[in-house]
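Engineer: Coordinates for the following, if possible.
(2 chains)
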Amino acid sequence: MLRMSSLFLRTLRDDPSDATVASHKLLVRAGYVRPIAAGIFSWLPLGVIALRNVERVIREEMDRAGFQEVHFPALLPKDPYEKTNRWEEYGPALFRLQDRKGSDYLLGPTHEEMFTLMVKGEYSSYKDLPLTIYQIQTKYRDEARPRSGIIRGREFVMKDSYSFDLDDAGLETSYLKHRDAYISTFNRLGMKFNIVSAMSGAMGGSKSEEFLAPCSTGEDTYVLCPKCGYAANVEAMITKVETRDFGNPAAMEILDTPNTPTIESLVEVMNSKYNAGITAADTLKNVLLMADGKPISVLVPGDREVDLKRVEANLAGVKELRLFEDEDFAKRPELVKGYVGPQDAKKFGLKLYADPRIQVGSHWITGANQKNKHMRYVTHGRDFEVDGFIEAAEVREGDSCPSCATPVVIDRAIEIGHIFQLGRKYAEALDLTVLDKEGKARVVTMGSYGIGVSRAVAAIAEQSHDEIGLIWPEEIAPAKVHIVATGKDDEPFAVAEKIALELERKGISVMFDDRRDSSPGVKFKDAELIGNPYIIIVGKGLQEGKVEFRVRKTGEKSELPIGEIVAHVMKITG
RNA sequence: CGGGGCGUAGCGUAGUGGCUAGCGCGCCUGCUUUGGGAGCAGGAGACCGUGGGUUCGAAUCCCUCCGCCCCGACCA
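Structural biologist: Numbering: from 1, shown residues only, chains lettered A, B, ... in the order given. Take a look at the predicted model:
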């Protein structure tokens, strides 16, 4: 039983000044966590209980699925990460350190290498597969900018699992098993979530889905189809293009368009000077980018911006992508800023990538590669060819769902889980093979599955709170029932204690506010702030032999005879 | 890393060149109070982020460094 009279807890009346999101404010105010450094927190007793509860649910679901728990060090030698090239690739986000001998170490940001090596060390036969193992571990990433309190920290608790299979079919099965386990996990955690298709990002690999907890303060943007349920991270959203017959456009024609370096000014001149009756969507925007030091041009309709994240996610193998800057233009005088067109790309030795909306046969008004001049009827397939189609344009609310063409909605969310089919990248790099039936060595294929554990605590807080405090789901709350005794006589405290003990005997966790020197107001405020799902108040109702029962989430109140309260709680908590 | 903001007691803050750095919450002591962050009285707690400079005098002005937050770049 958590007794408030001795609980190591101090709630705060004011929000901490440096917190902006609800989870951060409330977790600090209610005494769950305390800040230590940017993106680094200490957990107080209530926080530890909530965190352990999340871990417990995850463990139970992992174990139920037949996965086995292991544990790695957080402090790791450099060598395995050199073999997979991540010592370099991970860049400045990797916490690096040296021991007294000057050997390089790192604080694990993720443990693919260690899992792979562990399996390599123990197993060598196809008969040992499939296998899925997991750990719950503190991870370290030196984020460029930690933010939003617990949501994006530099130290955080993560559950990560890895599956090992002989072939792709096995991987698919392991993947789906994990997917199911995640669905039950997040359901038990009382979270609202969407499963969206995603890019696998820096880890490499192919098929990938994210579990997103919708929430206005989330930092991920995703699209959702209200009709068919299609959901995707904006980076992974597939453009739906209706095929059209563009007829036979006239030959390219060069036009004088003075002072039209922007789409807006171009549309204005085209309409006033040439009476063209066009909109920005009829123009072709040529956005010049530097991809790993090489210039490329990305084509999107003039009414859309290029989404660099989408481009990067869809351009295989590119590590660094940035917009052209003035000095880049200075080095390539043939590329006239504001007047670039695709028709001379071959001559300029420029790679062209087109958004799917730039269909073959479509014709456009675009730059003439001369200052103050544009061209029209510039036709894809006739006047220029592209090196490939990529998802490049920004996604907008109302864009067509790729599977059913319904206008999609856009929402924000916190990423709480990510599952993906890693494939053989790490197994190859670290030479993880098993012998197959024929006695031949085969590289194992892997899946990788993560849940942000500490982040989930914050995400739940984000999704479930009100103006006065936290509202925990039963599985996560520090206690299921919060009992408040009020008054200066001993009686309410004795009655409350009796109820508390009886509930505990029945397996219901209890937080008991047995403080004799606090006023009722303080106790009520604290109970609401701390956010346990049910509150029992033992006080003035005693005269009629009653106690008050409240549901934190709904605010619903009822008076019950003392003798019935335990049964009532048992009924409600199921 | 670029842009912006901010560092005064455990928390929230006032103080922009001049007396002993003020207030609220919290904390301690006593009395009163006990169904919505109680009242009265007394008290403890601050090298005003750090180092340097300007000045008769610096929390206050200038510079350095450190730290924190926000936007962006980046990232589960």
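Engineer: Contacts only, for the residue sitting nearest the centre point of chain A.
Structural biologist: Centroid-nearest residue in chain A, with C-alpha atoms, centre = their mean: A:Glu415, separated by 1.9 Å. Neighbour list for A:Glu415: A:210-213, A:218, A:220, A:452 [criterion: C-beta atoms under 8 Å, 6 or more residues apart in numbering]. In short, each C-beta sits where N, CA and C put it, glycine included.
Engineer: Tell me the secondary structure at it.
Structural biologist: Following DSSP: H, G, I helix; E, B strand; the rest coil, the label given to A:Glu415 is strand.
Engineer: And for A:Leu503?
Structural biologist: The three-state assignment at A:Leu503 reads helix, by three-state DSSP.
Engineer: can you tell me how far the residue nearest to the centre of chain A sits from A:Gln137?
Structural biologist: Shown here: A:Glu415 relative to A:Gln137, a distance of 18 Å by C-beta to C-beta, to the nearest Å.
Engineer: So what pairs up with the residue lying closest to A:Gln68 once chain neighbours are set aside in the strands?
Structural biologist: Computed as C-beta to C-beta, 6 or more residues apart in numbering, the closest residue to A:Gln68 that is not its neighbour in sequence is A:Ile133, at 5.1 Å. On the basis of DSSP bridges, A:Ile133 is bridged to A:Gln68, A:Tyr162.
Engineer: show me what contacts A:Ile133?
Structural biologist: Each residue near A:Ile133 by C-beta under 8 Å, 6+ apart is listed here: A:67-70, A:115, A:118-119, A:161-162.
Engineer: Please pick the buried ones from the residues you listed.
Structural biologist: Buried subset of those (neighbour count, 16 or more other C-beta atoms under 10 Å): A:67, A:70, A:115, A:118-119, A:161-162.
Engineer: State the mean pLDDT of stretch A:463-478.
Structural biologist: Averaging pLDDT along stretch A:463-478 gives 96.
Engineer: residues of that stretch that come out buried?
Structural biologist: In stretch A:463-478, counting by 16+ other C-beta under 10 Å, buried: A:463-465, A:469-478.
Engineer: Could you single out the nearest of those to RNA strand B?
Structural biologist: A:Gly469 (7.7 Å; C-beta to the nearest atom of the strand).
Engineer: nearest spatial neighbour of that closest one, skipping sequence neighbours?
Structural biologist: Once flanking residues are discounted, A:Gly469 sits nearest to A:Leu529: 3.7 Å by C-beta to C-beta, 6+ apart.
Engineer: Test my guess that the one you found contacts A:Ile468.
Structural biologist: Yes: using C-beta atoms under 8 Å, A:Leu529 is in contact with A:Ile468, at 6.6 Å.
Engineer: which of the residues in stretch A:330-346 are buried?
Structural biologist: Quick answer for stretch A:330-346 (16+ other C-beta under 10 Å): A:335-336, A:338-345.
Engineer: Out of the residues you listed, list just those in helices.
Structural biologist: Taking DSSP state H as the definition of helices, the buried residues of stretch A:330-346 contribute A:Ala345.
Engineer: Please go through the buried residues of stretch A:330-346 and note which also touch RNA strand B.
Structural biologist: Among those, not one lies near RNA strand B by C-beta under 7 Å from any atom of the strand.
Engineer: Quick one: the buried residues of stretch A:330-346 as JSON lines, columns for pLDDT and distance to A:Arg442 too.
Structural biologist: Output for the buried residues of stretch A:330-346, formatted as JSON lines (pLDDT from 0 to 100; distance: C-beta to C-beta, whole Å):
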{"residue": "A:Leu335", "pLDDT": "89", "distance to A:Arg442": "49"}
{"residue": "A:Val336", "pLDDT": "89", "distance to A:Arg442": "55"}
{"residue": "A:Gly338", "pLDDT": "88", "distance to A:Arg442": "55"}
{"residue": "A:Tyr339", "pLDDT": "91", "distance to A:Arg442": "55"}
{"residue": "A:Val340", "pLDDT": "92", "distance to A:Arg442": "49"}
{"residue": "A:Gly341", "pLDDT": "93", "distance to A:Arg442": "51"}
{"residue": "A:Pro342", "pLDDT": "94", "distance to A:Arg442": "46"}
{"residue": "A:Gln343", "pLDDT": "93", "distance to A:Arg442": "50"}
{"residue": "A:Asp344", "pLDDT": "93", "distance to A:Arg442": "50"}
{"residue": "A:Ala345", "pLDDT": "90", "distance to A:Arg442": "44"}
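Engineer: Strands along the stretch 101-250 of chain A, start to end?
Structural biologist: In the stretch 101-250 of chain A, the segments counted as strands under DSSP state E, counting those that start in this stretch are A:104-107, A:131-140, A:155-165, A:194-197, A:208-214, A:220-224, A:231-233.
Engineer: Turn those strands into JSON lines, columns for distance to RNA strand B.
Structural biologist: Compiled in JSON lines, those are given as follows (distance: least, C-beta to the nearest atom of the strand, whole Å):
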{"stretch": "strand A:104-107", "distance to RNA strand B": "13"}
{"stretch": "strand A:131-140", "distance to RNA strand B": "6"}
{"stretch": "strand A:155-165", "distance to RNA strand B": "4"}
{"stretch": "strand A:194-197", "distance to RNA strand B": "12"}
{"stretch": "strand A:208-214", "distance to RNA strand B": "7"}
{"stretch": "strand A:220-224", "distance to RNA strand B": "7"}
{"stretch": "strand A:231-233", "distance to RNA strand B": "10"}
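Engineer: In chain A, where is pLDDT below threshold?
Structural biologist: Low-confidence segments of chain A (pLDDT under 70): A:199-205.
Engineer: Domain ranges for it, per the record?
Structural biologist: A:15-219+A:410-462, A:253-389, A:479-573 (automatic domain parsing).
Engineer: how distant is the second one from the center of its chain?
Structural biologist: What it means is domain A:253-389. Put simply, domain A:253-389 sits 33 Å off its chain's centre (C-alpha atoms, centre = their mean, to the nearest Å).
Engineer: doesn't A:Ile483 make contact with A:Ser509?
Structural biologist: No: counting by C-beta under 8 Å, A:Ser509 sits too far from A:Ile483 to count as a contact (11.2 Å).
Engineer: and A:Phe549, how many neighbours does it have?
Structural biologist: Counted with other C-beta atoms under 10 Å, the neighbours of A:Phe549 add up to 20.
Engineer: what's near enough to touch it?
Structural biologist: Neighbouring residues of A:Phe549 by C-beta under 8 Å, 6+ apart: A:534-537, A:557-560, A:565, A:568-569.
Engineer: at 10 Å instead, please
Structural biologist: A:Phe549 makes contacts with A:481, A:534-537, A:556-560, A:564-565, A:568-569, A:572, as judged by C-beta atoms under 10 Å, 6 or more residues apart in numbering.
Engineer: Turn the buried ones among those into a named PyMOL selection, would you?
Structural biologist: A single PyMOL command selects the buried members of these (16+ other C-beta under 10 Å):
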select buried, chain A and resi 481+534+535+536+537+560+565+568+569
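Engineer: ok, of the contacts of A:Phe549, which one's closest to A:Asn271?
Structural biologist: Taking C-beta to C-beta as the measure, A:Asn271 lies nearest A:Glu556 of these, at 61.3 Å.
Engineer: Which of the helices or strands spans the residue lying closest to the closest one once chain neighbours are set aside?
Structural biologist: Distance criterion C-beta to C-beta, 6+ apart; nearest residue to A:Glu556, sequence neighbours excluded, is A:Arg550 at 6.8 Å. Using DSSP states H and E, the element containing A:Arg550 is strand A:546-551.
Engineer: got it, and A:Leu266?
Structural biologist: Short version, using DSSP H and E: A:Leu266 is in helix A:263-273.
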